[in-house]
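**Student:** This is a predicted model, with the sequence first.
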Amino acid sequence: MNETIQTERLLLRPFEEGDYPLLLKIARDPDTVKYLYYWGLPGVTPEKDASRFLHHALAERQKQPVTLFEYCVLLKETGQPIGEVSAEKYENGDAGIGWILLPEFRGRGYAVEAGRAMMDFSFTHWQETQRAVAYCDTRNGPSRRVMERLGMGLADIEKGARPDKGDGFRGDEATYVLSRVDWVRRKKSGGA
Ligand SMILES: CC(C)(COP(=O)(O)OP(=O)(O)OC[C@H]1O[C@@H](n2cnc3c(N)ncnc32)[C@H](O)[C@@H]1OP(=O)(O)O)[C@@H](O)C(=O)NCCC(=O)NCCS
C-alpha cells in the first residue's frame, strides 16, 4: 500500500518521530485543543499530550491490520507540516475521520481537502465500510462546517458526551454521517 496520499495542495504521510514539534505546537495552543476529545485534559501537560499522540500513532501503524491511520498534513509546495488528519475503522464497521490544523493555516480549505482524502481513503481501503462518521463538540462551528462541506449530515446530538476540560462543563457531541451510497453519488456528480 502506498503510504503517502497527495491532494491538490497537500501531502499526507504517516507520522514520524520528527513530527513532535508540530504536535507540541498543537498541544500548546489552548484554542486548538479546546474542543479536542483527548487533548488538553486537566492535569496533562502539552508535552505529555504530544508524545502520547505520537507514540499511539506510531504503535497503531505496527498493528496488522491497521485500524487507525494518523497522517501528518504538509503543504506540497513547501513541505511545511500544518496539521493532522485521521481515518479509523471502528468495531461496528463505521470509519471515523478527524482533522486538526495549526491556526495560521485555517481559512484556506485545507481541512476539507485533507478530510475529503480521508473520506475517500476510508471508503476505498475498507470496502465493507458503509458509513463515514465524524464527531465534534456542538460548539465547534469550524469543524461542523468541514463536515457539512464534505457532504456529511447531522445524525445525532448526545448531551454531555464530551469530556470536562477542567471547568466542570461537559459539552454536547454532534455526530455527522455520510453513507457509502451518498459518497458514490457525490463522486459521480463531481462533489466532495
Ligand atoms: C476544525 C478546523 C480543522 C477547521 O479549519 P478551517 O480552516 O476552518 O477549515 P478549512 O481548512 O476547510 O477552511 C474552510 C474555510 O476556508 C475558506 N476557504 C478559503 N479558501 C478556500 C479554498 N481555496 N478552498 C476551500 N475553502 C477555502 C472557506 O470559505 C472556509 O471559511 P469559513 O468556514 O469561514 O466559511 C480548525 O478549526 C481546527 O484545527 N480547529 C482545532 C482542532 C479541532 O477542533 N479539530 C476538530 C475536532 S472535531
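**Tutor:** Done, it's in.

**Student:** and the residue lying closest to Met152 once chain neighbours are set aside, how far is that from the ligand?
**Tutor:** Among residues not flanking Met152 along the chain, Tyr176 sits closest, at 3.8 Å (CB to CB, 6 or more residues apart in numbering). Every C-beta, even on glycine, is put in place using the N, C-alpha and C of the backbone. According to CB to the nearest ligand atom, to the nearest Å, Tyr176 stands 10 Å off from the ligand.

**Student:** Go ahead and list the helix or strand containing Tyr176.
**Tutor:** Secondary structure from DSSP states H and E places Tyr176 in strand 173-179.

**Student:** Phe121 now?
**Tutor:** Secondary structure (DSSP H and E) places Phe121 in helix 110-125.

**Student:** got it, and Ile100?
**Tutor:** Per DSSP H and E: strand 95-101 holds Ile100.

**Student:** Can you tell me what sits against that strand?
**Tutor:** The contact list for strand 95-101 (CB atoms under 8 Å, 6 or more residues apart in numbering) reads 26, 32, 36, 73, 82-90, 110-111, 114-115, 118-119, 122-123, 126, 129, 131-135, 143, 146.
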